[in-house]
Each structure stands twice: as structure tokens, then as C-alpha cells.
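Asks: Okay, here's the prediction I keep looking at, along with the sequence it came from:
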Amino acid sequence: MKIDPVTLDIVKDSLIAVSNEVFYAFARTSMSPIIYETLDYASGIADADGSLLTQGNGACAFIGLIAPMIQEIVRKFGKEQMKPGDVYLINDPYMGGGTHLSDIGMVMPVFYDGEIVAFVGNKAHWSDIGGMASGSFTTDSTEVFQEGLRFSGVKLVDGGELCAQLADMIKSNVRFPAASEGDMWGQIASLRTGYRRIGELCSKYGVEVVRGSMKRLLDQGEIVARKRLAEMPNGVWEMEEFMDDDGHGNPVKIKVKITITDDEFLADFTGSSPQVASPINTGYSSLCAGVKVVYMSILNPSLAVNDGVFRPMRVIAEDGSVLRCHSPAPTSCYFESMIYSSDVVWKALAPIFPEFLGAGHMLSVCSVVLAGLHHKTGEPFLIVEPTGGGWGASRGKDGEVGQFCVGDGETYNVPVEMAENRYGIMIDEYSLHTDGTGAGEYRGGSGAVRAYRALTDGQLFTASFGRNKYPAWGAAGGGDGSYNYFEFHRADGSVEGPFGIVARTVLGKNDVAYMVTCTGGGYGDPMKRDPEKVAWDVKNGYITVEQAREDYGVLVDPRTFAVDGLCR
């Protein structure tokens with residue numbers, strides 16, 4: 001059947017629009033701030049074979065995870081057993097598309113004239129999915145069974161009818177059943193939106209045209225990817241780094257060998273540490289997502305995400321390693337090792353692709369979980385959110401300030417006004433962390449300070465701030481940035497810390513959790529920075545007069561902020 005290429009492109013772009021509608025439909029119907037405010041979720045459309053066509057992301061950590069999740073459901077149930085209206089639920093970290101138990105995946109087959117023509121899927125962080133700690137993901141779990149409910153692919157909606165027993169079991173095992181039920185229905189509603197829109201496309205253009213457009217999407221993605229690969233320098237690059245520790249004081253090695261040829265981008269993590277008895281392990285799917293972030297950055301950052309683009313990419317990791325863990329390894333803080341895997345690929349390739357990859361950034365999600373009772377209502381509250389920090393400078397540009405790490409991507413913070421209204425806290429400070437590190441011809445971006453004052457006794461604070469021992473790395477002669485950490489400023493004036501990892505530390509009324517994220521690495525020789533820019537940095541508090549002299553060789557008048565001379 002010959003199809004007009006213009007029509008194919010119209011339908012192709014319509015599929016992308018459908019994916020975006022599915023994404024925003026969920027934000028408008030969810031109940032949890034981590035979804036509708038932070039956007040810690042993703043949605044996507046796959047063809048009838050489960051190949052990703054297009055994806056809408058809040059978190060970059062979910063790039064490419066919708067397709068393996070769909071393929072896992074198809075492998076388990078078989079397409080011949082599926083019927084219109086079915087919705088499947090999956091959050092197993094060791095299966096396709098898995099991250100940690102808090103990220104709930106849902107899959108819906110799309111039927112037209114009695115035949116599956118596509119799949120719609122989404123994946124979202126629920127604030128609580130049961131387990132040993134409020135918020136479910138914690139820093140001291142030693143096996144997955146402590147982290148909440150685990151679904152290795154189950155049917156949640158059967159032919160349009162909710163499986164009441166499963167829904168009741170979920171509500172009985174989570175701490176905030178109303179919010180979880182609301183998020184569940186929000187996910188289902190957004191999938192049904194995608195189902196309806198794809199059906200409308202089939203009715204308008206015909207099934208064969210829609211299928212042809214799906215194939216065109218994938219083939220175009222592959223053509224662009226292979227063309228770009230052919231333009232890249234061929235070679236082998238290696239990098240080895242250590243994560244801060246495994247939560248018990250032991251270093252964790254992340255090792256990669258990257259091979260680029262005209263036909264393939266291969267990231268081999270053989271030699272990385274074995275899985276550990278702490279929740280920093282990650283599964284293979286999320287490891288691949290971490291690599292895809294850097295792969296897309298050097299390929300074409302504006303390129304639409306689909307499985308055609310990823311056809312030339314391959315990832316190897318040893319089974320049972322910290323980057324390809326298996327049951328019962330805990331994974332609630334999987335993002336630490338996943339983002340470290342991005343970072344070693346990034347650092348290895350930064351000298352080769354300076355136009356795309358700058359210096360090191362804050363790296364960690366710097367996740368915070370705070371649970372307690374609201375000071376006005378007496379009702380329980382739960383904060384689950386990331387913390388922003390500094391990004392590294394790059395060729396021709398200073399680093400970004402106060403942004404989320406590469407794993408979070410397009411996510412947002414919870415606004416101060418909403419946090420103080422919903423939770424039993426006051427935010428004493430939300431400011432930039434200007435420690436002056438990350439010197440370079442282009443300066444590393446400042447981190448952030450966020451301070452939570454507990455307004456009731458007995459609040460429980462859990463956090464994982466990676467990059468608390470090894471600083472953000474500088475590039476092309478730039479200086480290293482700083483570290484992520486947090487402290488507890490007690491009501492009696494005492495200070496505890498700094499810490500990188502804690503689990504359920506008790507805060508009393510007027511105790512403050514004081515969180516600080518790092519400044520990113522600098523790029524280029526600091527002595528080449530324009531003296532007027534150095535003086536501007538001093539005037540605006542990014543660096544001190546002493547740092548201007550010692551790091552940049554610029555003498556700045558502390559009163560007028562004029563350049564007094566050079567000592568380079």
C-alpha cells in the first residue's frame with residue numbers, strides 16, 4: 001500500500017501529540033505533589049510489538065523505560081490473552097522497566113477493530129507503597145521486601161472493570177490510601193485518553209496509515225542516529241570512579257568502557273562492584289536509562305526519544321552487580337548508582353564531545369523524605385522530593401544554578417508556599433549556596449540551601465545526598481566544585497553533621513534540617529576568565545575577594561568591586 005509521505009508525517013506528529021496529551025492528562029488528575037508539582041513520572045506510546053514510539057518525560061531517569069515495561073507485560077501475558085480495557089500494573093525493579101518499588105508502571109493495550117495496534121504506558125512515583133518506612137524508599141533497607149509492595153506484572157483492570165481485590169490490597173498496605181487511589185485513577189484515566197486518541201487516528205486515517213507512520217517514526221530515528229554515529233570519532237574510552245559508599249562505609253566502584261564505531265555505541269560496565277546490602281543498587285533497565293541520557297546528549301539533545309534512536313546503542317553489565325542487581329537486593333535509592341553510571345560515561349566522553357558535555361554537576365537526586373503530623377490539623381503528612389543544586393560549567397557558558405540533577409531532568413521543586421501550607425514545616429531558607437568553588441574560565445553553577453523547620457515533635461527525616469565525599473569534577477583545566485551534605489540544627493543551638501545519608505532521624509519542634517547542595521565543576525583555565533566577570537562574581541556574592549585573587553589572579557576592590565589589577 002503506497003501512502004503519501006506527507007500524510008505519514010502528519011500522523012507521526014499526531015502520535016507525538018497524543019503522547020504529550022497522555023502526559024499532561026496525568027498531571028491534571030493525580031493527587032500527589034511529587035506527580036502534579038514535581039512531575040516525577042513519564043508516559044509513552046509503543047507499537048504493537050512494544051517498540052517505543054514517543055515518550056513524555058518529567059524525570060530523565062525514565063527515558064526509554066516505557067518500552068521494556070510493555071514488553072515484559074506482553075511476555076508474561078501474551079497479546080492473545082489481552083482484551084480492550086485491560087490495564088496491567090508493574091513495579092518490579094528486576095524486570096523490564098524497573099527502577100524502585102515506588103515507581104508504579106501501568107500498561108494498556110490499544111485495540112482497533114478487535115486487534116492490538118499499539119500500547120500506552122506510564123510510570124509514576126507514588127508517595128508511599130508500603131514497607132518499613134513512611135515514603136517507602138529509605139536508606140537503610142537491606143532487602144527489597146522491606147521497601148513496599150512488589151508487583152511483577154498483574155492485571156489491575158480487567159476488560160474495563162477494576163480488580164477490586166487488588167485495589168483493596170493496595171489501599172490496605174499504604175499509608176496514604178486516598179492519595180494512592182487518586183494517583184492510580186489518574187494513571188488509568190491518562191492511559192484511556194491515549195487509547196481514545198489513537199483510536200481516533202485509526203478512524204480518521206486508517207489502521208495501515210497509522211502503522212506506516214509508526215514504522216516511519218522508528219526508521220527515521222534510526223537513520224538519524226546512525227548518521228550521527230558515523231560522524232563521531234571512533235575509539236575506546238574508559239573511566240572508573242567510586243560512589244561515596246554503600247551506606248556502611250564501603251566504597252562502591254563504577255567502571256565503564258565505551259566503544260564508538262560507525263555502527264554502534266557500546267557501554268560496558270564489566271568490573272563494577274557486586275550488588276550490596278543497601279538500597280543503592282539498580283536494575284538493568286535503569287542502568288540503560290542512565291546511559292541513554294548521555295547518548296542522547298551527544299547524538300542530538302533535541303531528537304525525539306524512540307526505540308529507533310536507541311537501536312545502535314548497547315549496554316553490558318554483569319548479573320549480580322550493583323548496576324544489574326537481582327532479588328532480593330534493595331533498590332529504593334537506585335538513582336544513586338544509576339546517575340553515577342551516567343556520570344562515568346559523561347566524564348569519559350567530556351573531552352571528546354566538549355560541545356555537548358561540560359564539567360561535573362551535583363549528581364545526586366538529593367532525595368528527602370520527611371514524615372510527621374501537621375501542626376494545625378494533627379493529620380499525618382509526607383514530603384517526598386528532590387533538592388536542586390549546581391551544574392558544571394561548559395565550553396562558553398557558566399554552570400546553571402540551583403537545578404535538579406541529570407536524573408531528574410524536567411522535574412520541579414515543591415513551591416515554598418505550597419510546602420508550608422500542606423506540611424508541618426516552615427522553610428527558613430531557600431537560597432543559593434555560593435561557596436566559590438568550581439573555578440574556571442567558565443564558573444561552576446552555585447548549589448542551593450533549603451532549610452526545613454519542624455513545627456511538631458517526632459518528625460522523621462530520611463535523606464540520601466550522594467556526592468558527599470567526592471566533589472563535582474572540573475573539566476578542561478577547571479577546578480573541582482564542592483559537596484552535597486545536610487546538618488541538623490537543634491532547637492537548643494547544637495549542630496549535628498554534616499551527613500550524606502540518614503534514615504528516620506527524629507526532629508523535635510523547632511529543629512531544622514539544613515540541606516546544602518554542591519557547586520558544579522569549573523571549565524577551562526581560571527586565569528583566562530575575563531577580569532570584569534570575576535569582579536561581577538564578587539559583587540554578586542558568587543566568590544569572595546580572596547577567591548578572586550587566589551583562584552583567578554584578579555584583584556577586586558571590596559567596596560567598589562572595580563578591578564584593581566592582576567596577579568596572574
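Replies: Yep, it's here. Numbers count the residues shown, from 1 in each chain.
Asks: other SSEs contacting the helix or strand of the chain with the lowest mean pLDDT?
Replies: Ranked by mean pLDDT, DSSP states H and E, the helix or strand of the chain with the weakest confidence is helix 33-36, at a mean of 82. On a contact count with 3 or more Cβ pairs under 8 Å, 6 or more residues apart in numbering; DSSP states H and E, helix 33-36 meets helix 5-29, strand 115-125, strand 380-385. Just so you know, the C-beta spots here come from the backbone N, C-alpha and C atoms, and that holds for glycine as well.
Asks: As CSV, could you dump the C-alpha coordinates of that helix?
Replies: This file holds the C-alpha atoms of helix 33-36, laid out as CSV (Å, rounded to 0.1, in the frame of the first residue of the first chain):
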residue,chain,number,x,y,z
PRO,A,33,2.6,16.8,44.7
ILE,A,34,5.5,14.7,43.6
ILE,A,35,3.5,14.0,40.5
TYR,A,36,1.5,17.1,39.7
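Asks: so which of the helices and strands packed on helix 33-36 gets nearest G160?
Replies: strand 115-125 (14.6 Å; Cβ to Cβ).
Asks: what is the orientation angle of the closest one with strand 380-385?
Replies: Relative orientation of strand 115-125 versus strand 380-385 (axes from the mean of the first three to the mean of the last three Cα atoms, to 10 degrees): 100 degrees.
Asks: Pull up the pairing partners for strand 115-125, direction included.
Replies: strand 41-47 (antiparallel), strand 103-112 (antiparallel) (DSSP bridges).
Asks: From the chain's centroid, how far away is that strand?
Replies: 20 Å (Cα atoms, centre = their mean, to the nearest Å).
Asks: next SSE after it?
Replies: Sequence order places strand 154-158 as the next helix or strand after strand 115-125, per DSSP states H and E.
Asks: contacts for that next one?
Replies: 77, 85-90, 106, 108, 162-163, 166-167, 184, 188 (Cβ atoms under 8 Å, 6 or more residues apart in numbering).
Asks: do stretch 318-327 as well
Replies: Residues contacting stretch 318-327 (Cβ under 8 Å, 6+ apart): 93-94, 144, 252, 254, 269-276, 280-284, 287, 317, 331, 337, 341.
Asks: now, of the strands paired with strand 115-125, which is deepest in the fold?
Replies: strand 41-47 (a mean of 29; mean count of other Cβ atoms under 10 Å).
Asks: so where do the strands sit in the stretch 301-450 of the chain?
Replies: 313-316, 367-373, 380-385, 425-433, 447-454 (DSSP state E, counting those that start in this stretch).
Asks: weakest of those by average pLDDT?
Replies: Ranked by mean pLDDT, those bottom out at strand 380-385, with a mean of 91.
Asks: Could you name the helices and strands sitting against that strand?
Replies: Partner elements for strand 380-385 (3+ Cβ pairs under 8 Å, 6+ apart): helix 33-36, strand 367-373.
Asks: Kindly reformat the ones you listed as TSV containing mean neighbour count.
Replies: Below are those laid out as TSV (neighbours: other Cβ atoms under 10 Å):
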stretch	mean neighbour count
helix 33-36	22
strand 367-373	22
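Asks: May I see those organised as a markdown table, with distance to L149 added?
Replies: A markdown table is the format used below for the helices and strands packed on strand 380-385 (distance: least, Cβ to Cβ, whole Å):
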| stretch | distance to L149 |
| --- | --- |
| helix 33-36 | 17 |
| strand 367-373 | 17 |
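Asks: Ok, which of these comes nearest S43?
Replies: Among the helices and strands packed on strand 380-385, helix 33-36 comes nearest to S43, with 11.4 Å by Cβ to Cβ.
Asks: Determine how far the closest one lies from the middle of the whole chain.
Replies: For helix 33-36, the distance to the chain centre is 14 Å (Cα atoms, centre = their mean).
Asks: Give me the contacts around that helix.
Replies: Contacts of helix 33-36 (Cβ under 8 Å, 6+ apart): 26-28, 30, 40-41, 124-125, 127, 183, 186, 384-385, 414, 418, 422.
Asks: Neighbour-wise, which one of those residues leads?
Replies: Y41 (31 neighbours; other Cβ atoms under 10 Å).
Asks: Which strand residues bridge that residue?
Replies: Residues in beta-bridge contact with Y41 (DSSP bridges): A124.
Asks: And the pLDDT for it?
Replies: As predicted, Y41 sits at a pLDDT of 88.
Asks: distance of it from C333?
Replies: With distances taken as Cβ to Cβ, to the nearest Å, Y41 is found 18 Å from C333.
Asks: related to what we said a few turns ago, worst mean pLDDT among the strands paired with strand 115-125?
Replies: strand 41-47 (a mean of 92).
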